[in-house]
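*Asks:* Got a predicted structure here, sequence first:
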Number of protein chains: 4
Amino acid sequence: MTSTGQKIKAGIVGASGYTGAEAMRLLLRHPNVDISFLTADRKAGQSVAEVYPHLGGYGLPDMIALDEVDWREADVVFCGLPHGTTQELIASLPGDLKIVDMSADFRIDDVATYAEWYGHEHRAPDLQVEAVYGLTEMNRSAISAARLVACPGCFPTAALLSLLPLVSAGIIDAYDLVIDAKSGVTGAGRGLKQNTLFSEAGEGLSPYSVAKHRHAPEIEQEVAKAIGAPAADVRVNFVPHLVPMSRGELITSHVRLTPGKTAADIRSAFEQTFDGEPFVRVLPDGGVPHTQMVRGSNNCVINVFEDRIPGRAVVIAVIDNLVKGSSGQAVQNMNLMFGLAETLGLEQAPLFP
Amino acid sequence: MTSTGQKIKAGIVGASGYTGAEAMRLLLRHPNVDISFLTADRKAGQSVAEVYPHLGGYGLPDMIALDEVDWREADVVFCGLPHGTTQELIASLPGDLKIVDMSADFRIDDVATYAEWYGHEHRAPDLQVEAVYGLTEMNRSAISAARLVACPGCFPTAALLSLLPLVSAGIIDAYDLVIDAKSGVTGAGRGLKQNTLFSEAGEGLSPYSVAKHRHAPEIEQEVAKAIGAPAADVRVNFVPHLVPMSRGELITSHVRLTPGKTAADIRSAFEQTFDGEPFVRVLPDGGVPHTQMVRGSNNCVINVFEDRIPGRAVVIAVIDNLVKGSSGQAVQNMNLMFGLAETLGLEQAPLFP
Amino acid sequence: MTSTGQKIKAGIVGASGYTGAEAMRLLLRHPNVDISFLTADRKAGQSVAEVYPHLGGYGLPDMIALDEVDWREADVVFCGLPHGTTQELIASLPGDLKIVDMSADFRIDDVATYAEWYGHEHRAPDLQVEAVYGLTEMNRSAISAARLVACPGCFPTAALLSLLPLVSAGIIDAYDLVIDAKSGVTGAGRGLKQNTLFSEAGEGLSPYSVAKHRHAPEIEQEVAKAIGAPAADVRVNFVPHLVPMSRGELITSHVRLTPGKTAADIRSAFEQTFDGEPFVRVLPDGGVPHTQMVRGSNNCVINVFEDRIPGRAVVIAVIDNLVKGSSGQAVQNMNLMFGLAETLGLEQAPLFP
Amino acid sequence: MTSTGQKIKAGIVGASGYTGAEAMRLLLRHPNVDISFLTADRKAGQSVAEVYPHLGGYGLPDMIALDEVDWREADVVFCGLPHGTTQELIASLPGDLKIVDMSADFRIDDVATYAEWYGHEHRAPDLQVEAVYGLTEMNRSAISAARLVACPGCFPTAALLSLLPLVSAGIIDAYDLVIDAKSGVTGAGRGLKQNTLFSEAGEGLSPYSVAKHRHAPEIEQEVAKAIGAPAADVRVNFVPHLVPMSRGELITSHVRLTPGKTAADIRSAFEQTFDGEPFVRVLPDGGVPHTQMVRGSNNCVINVFEDRIPGRAVVIAVIDNLVKGSSGQAVQNMNLMFGLAETLGLEQAPLFP
């Protein structure tokens, strides 16, 4: 409920993508939320059961087109549109409507950097100034006060949760971050692409966007902020790989320790940073995070390992890319924005096997 | 809560198997249940995080050995032991303890048939008389009054939900049921077997126990009951196949219509039988059930199709073998046995993808 | 080599699909064949390495458009085009060019039945008369003498190899065939479809075209021929399921025995029919065929099982849908058409795991 | 044939493991080899069809126990035993028998290092001196003259093929190698382990042996040799991950360039080193190696990418762990040891999808 005791009315824009579907799944069981509309331009008029058969039978509204929306029906809007389409949309909405954006449209502070990586000029630079970066555990107070939250990319979520506490504390070298990333296929969305066909992505492993993925500048921006450096100064190695699984994301960061620091210092920083966090779990020494630990949940599991090369360590973090990496973190942010307990709607334990 | 307002204290016996883990997952979020103990003889002393890393961090008790249990700590016990071991155990427990058995030990009414299929004499024939077959939607009143409920096998659950309404109503021939079944690999349990290794079960499909699977006599027993025939009279064709997926079960029943009956009569029977059921969904005409619709949920999705052979029809049903096919139905039965709303703890929407 | 000692010049039309790629894979190691051209209209100008990276480095010619082909460069053409496009093409080619068609265009003898199932009038009815049905083991002499061979569909190949010997010999009832079929995802081709995305087809099982798949009339036609009945008289139950694996096909046929016949008679018929066959293997009693036995090979593995319902039996057959179910059988037929040993180019053992 | 025109008689010791099966698959089609015996102590007396159903029907001899072998029946023995068991065995064999060892028993030159990593003293230190490291492309002349070849581990094969040419030429820093490795599940063998069950390894990704895998010292040894340093001086970061696929291995090496060197220098080194190599393919600029390119083949595909961090580059290499990473390279080495064309028995194109 909101402070007035009414349920929060939530609309989902771009409900036919995987992040939209996941937002539906989480919100339909959120005790304080009613889903008031779902938009999907190309599926307008279809029932949820037609678009996502697993969500049939839950009384969700049919898909409508964007221009059919009555925005007064919503207190908050979750945006799951492809990047580039959300900026103008949000600029046109009532100014008091809260927005939780799951696209990339407001993640990059610098509009020139945005244009360079996303291939077009930013269409709402004024709003960009207002947008708050929604990495919940690292940015709680700003998110609580925000009207427009830009949820991080899935890779940046796992990478930054496990690296920001270390660069902030000066335990590792922010200028020598090797981030070897692995993702399930839902990370590529529901659009039709040859490389995400079952017979192409199955029974194999493929790197992609090697050292030129759009999540690299996003990680660099937040690392730079954490150390107080200009964003342009920080460059990270970031190599994602497509893994034959639907969900799950694993980040293996190969880091250089600041002289005098050890893996134990990393562990201490993790334990201190995440003490009491409901969704971040630091494993005991030697415990290896794997994606099967978090499937379907908003959890992030982290650990650190000594490396064989002196002065180096290995940091591993896992999330479910569709939950903590997208719609789950979005709900977590919405909870903060409405003054609710952060865990509402997100208590489900992971599904394994 | 029980009628006295106390939370129900639930123990799980055999918690290290997949059904045990799934019972944990569901019960730890059940609003009226506290998990009081978990047993796993070979894992005694280990934490849940060691046995099932995805359930670490939820405050569950450590595994203990069976002989360490104080049975007064439980109002109800969920049994997830391998078949053959539950009969003696239950016979030794306090007589007022409610039991939800997820093993095969009390599914077969006739102890001679049990002995024939399970390879040993029944060890608690007196209790067998007391046991109630826990196919919830078909046996609600008996389950509500029962102390000992024998939850059906996973295949029988999907097969019987979709066939009993039809043989009961005389719409199809109970003596010519061809039940082609497909299951995910968790159906084979967590025990170490060569044929369930990733590299053996993956990227392939294999039938097993062709026309001699233990779920055949269980299906025959219930079909016979439904038509008032001796169990020995009914024989079904039952051929299961191992599918390279972890969860999910699909039953394709090729049925012969009673003269004069049509697929539309089957549809009517389904709609009438399952009207208002929270967990059974009959799809609209033409809608094809697939296991991705129900993953992680207690749902069963059903439909019927005309066959090309005149006088025949095809009935398809899907469930998640670990939820509706095991631990979910067990929780559903527990809810009934304690007079609770049947859906408590089971409201989670399916996880897709 | 042909009889003149020259290598056979083979062209592949529609080389960008999976059957085309598989034909490349087999033919590039065929000792008597040179691949002279590859067509793929939408990929014209691309190298094989661009279209199928696994086949880069083998010296294959680049893709060209159909209208760039000099047909004199080929002794035989393998056609892997989508159905409906091959009829006119072949009608326009030199009359002495041998054709091995892997599409559905010439499989159905009756042009009215073709039109009913494939949605357009047959465009080369004269050629239809000439076309020979290429189920190699059942139709060898006609294939040897043929100019135009229509390779069977993947499902019909496995179904007919395991059922024709039985209906021909009167061991089973040709009018009560229940054919429960399962296929890997390559069976749906390389075209972009939502239901064959990794995240949609993975970790789940889905029936499709229930009792109305185009392979049903093809099976009916050949069963009818085998028993000397009009095609319109035979109707089979045929229900295919999409399995989360790339390759492999398994047919579970639930058959009714002719009075007096037993599963042992089926076994005898199999052993007699397939004695000495290089690619068909009848397992010993109790051995269960599974698709992992045949991956990447031209093999078909078969067995029969007694059913629990008296008078019924279960016949199981597996093939690799892209090899024996398509391009492998095509090469086998080509070998026959050129008087070569049938196994040339097809000797590879299955790949497992 | 050997030089005398006789076929080479090959025995396979430890034929029931995956590397043994793969050796069978390759050798049964090798034109110059006859398989004379197969040993598998725990499967002695079983047919190949029982142990590996996909290889039934190829006329292979039954499994026998080690002590039943008449070693005079073999010109060469392929050893696929678990590590630690091969040393004594080989020490006991006729001194003129050629040995291609696929285990880890003779890979580590320094017996103290061996003892440290493999948990027991080396049992044949004299033979260790004789053993030649079988990384074919890097060690051809020694292999040609060898009696005992120790085939590299699967990870070292891909890592060293892509790194040795670079450290040898001084293009990259041998003391700052970050090797992020990913492997299919067959890499863990056919033994029964919980973490390689389908339901545990499927639909997820898990790192293992983080920074303490036995392939690390093997890589370090060869890197050290290449730069003329003591083995103890070189330490590499090596983190393997278990990927839900059966076959395939991908190495992502994050390397530091020697001052003044660029990714283009790496490309040149690759092109020069592998020019004319039948099994190593350097992709054109921008081409991304993925494991689907090499499945079932002896190929290794390599490329290099500029990194975002100045002075760094990313090197990617893929192999099929059971072929080039084990049995295929073993056959390649055997060909060399007998003076045959290196590609014999290994010409099969990759299987995709």
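*Replies:* Looks like it came in fine. Numbers count the residues shown, from 1 in each chain, chains lettered A, B, ... in the order given.

*Asks:* Strands along the stretch 101-250 of chain A, start to end?
*Replies:* Counting by DSSP state E, counting those that start in this stretch, the stretch 101-250 of chain A has these strands, from start to end: A:132-133, A:148-150, A:178-183, A:206-207, A:237-242, A:249-256.

*Asks:* closest one to chain D among those?
*Replies:* Of all the strands of the stretch 101-250 of chain A, strand A:206-207 sits nearest to chain D, with 3.3 Å by C-beta to the nearest C-beta. No exception for glycine: its C-beta is placed from N, CA and C like everyone else's.

*Asks:* Tell me the bridge partners for A:Val255.
*Replies:* Here A:Val255 sits in beta bridges with A:Ala313, going by DSSP bridges.

*Asks:* distance of it from A:Leu161?
*Replies:* In this view, A:Val255 and A:Leu161 are 14 Å apart by C-beta to C-beta, to the nearest Å.

*Asks:* what about the residue in the stretch 51-200 of chain A that chain B sits nearest to, neighbour count?
*Replies:* Using C-beta to the nearest C-beta, the single residue of the stretch 51-200 of chain A nearest to chain B is A:His54, 4.1 Å away. For A:His54, the tally of surrounding residues (other C-beta atoms under 10 Å in any protein chain shown) stands at 27.

*Asks:* State the three-state secondary structure for it.
*Replies:* Three-state assignment for A:His54 (DSSP: H, G, I helix; E, B strand; the rest coil): helix.

*Asks:* quick one: contacts for it?
*Replies:* Under the criterion of C-beta atoms under 8 Å, 6 or more residues apart in numbering or on different chains, the contact list for A:His54 reads B:Gln292, B:Met293, B:Val294, B:Arg295, B:Ser297, B:Ala349, B:Pro350, B:Leu351, B:Phe352.

*Asks:* what's the pLDDT at it?
*Replies:* What the model reports as pLDDT for A:His54 is 98.

*Asks:* now A:Thr2
*Replies:* 59.

*Asks:* go on, A:Pro82?
*Replies:* pLDDT for A:Pro82: 88.

*Asks:* hang on, the earlier thing: ok, so of the contacts of A:His54, who is nearest chain C?
*Replies:* B:Gln292 (3.7 Å).

*Asks:* Contact partners for the nearest residue to that closest one once chain neighbours are set aside?
*Replies:* Distance criterion C-beta to C-beta, 6 or more residues apart in numbering or on different chains; nearest residue to B:Gln292, sequence neighbours excluded, is C:Gly204 at 3.7 Å. Going by C-beta under 8 Å, 6+ apart, C:Gly204 touches B:Met245, B:Gly248, B:His290, B:Thr291, B:Gln292, B:Arg295, C:Pro244.

*Asks:* Could you work out the most separated pair of those residues?
*Replies:* Spanning the widest gap among these are B:Arg295 and C:Pro244, at 12.5 Å by C-beta to C-beta.

*Asks:* shared neighbours of the two, anything?
*Replies:* What both B:Arg295 and C:Pro244 touch, as defined by C-beta under 8 Å, 6+ apart, is the set C:Glu203, C:Gly204.

*Asks:* do you know how far A:Arg256 is from A:Ile172?
*Replies:* In terms of C-beta to C-beta, A:Arg256 sits 6 Å off from A:Ile172.

*Asks:* For these two, indicate the residue with more neighbours.
*Replies:* Neighbour count, other C-beta under 10 Å: between A:Arg256 and A:Ile172, A:Ile172 has more, with 24 against 19.

*Asks:* Where does the prediction get shaky in chain A?
*Replies:* Flagging of chain A using pLDDT under 70 yields the residue ranges A:1-4.

*Asks:* The longest helix along it versus strand A:249-256: what angle between them?
*Replies:* Scanning chain A for the longest helix, with DSSP state H as the assignment, gives helix A:154-168. Relative orientation of helix A:154-168 versus strand A:249-256 (axes from the mean of the first three to the mean of the last three C-alpha atoms, to 10 degrees): 30 degrees.

*Asks:* List the buried residues of helix A:154-168.
*Replies:* By 16 or more other C-beta atoms under 10 Å in any protein chain shown, the buried positions in helix A:154-168 come out as A:154-168.

*Asks:* Which stretches in the stretch 101-250 of chain A count as helices?
*Replies:* A:111-118, A:125-130, A:140-144, A:154-168, A:198-201, A:215-227 (DSSP state H, counting those that start in this stretch).

*Asks:* Can you add distance to D:Trp117 and give those back as a markdown table?
*Replies:* Below are these laid out as a markdown table (distance: least, C-beta to C-beta, whole Å):
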| stretch | distance to D:Trp117 |
| --- | --- |
| helix A:111-118 | 44 |
| helix A:125-130 | 54 |
| helix A:140-144 | 46 |
| helix A:154-168 | 29 |
| helix A:198-201 | 35 |
| helix A:215-227 | 35 |
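
*Asks:* For chain C, which of these is the nearest?
*Replies:* Here helix A:198-201 is closest among these (C-beta to the nearest C-beta), at 4.3 Å.

*Asks:* okay, that closest one in CSV with CA atoms only?
*Replies:* The C-alpha coordinates for helix A:198-201 follow below in CSV (Å, rounded to 0.1, in the frame of the first residue of the first chain):
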residue,chain,number,x,y,z
PHE,A,198,18.2,-23.3,-29.6
SER,A,199,20.2,-25.1,-32.2
GLU,A,200,22.7,-22.3,-32.4
ALA,A,201,23.2,-21.3,-28.8
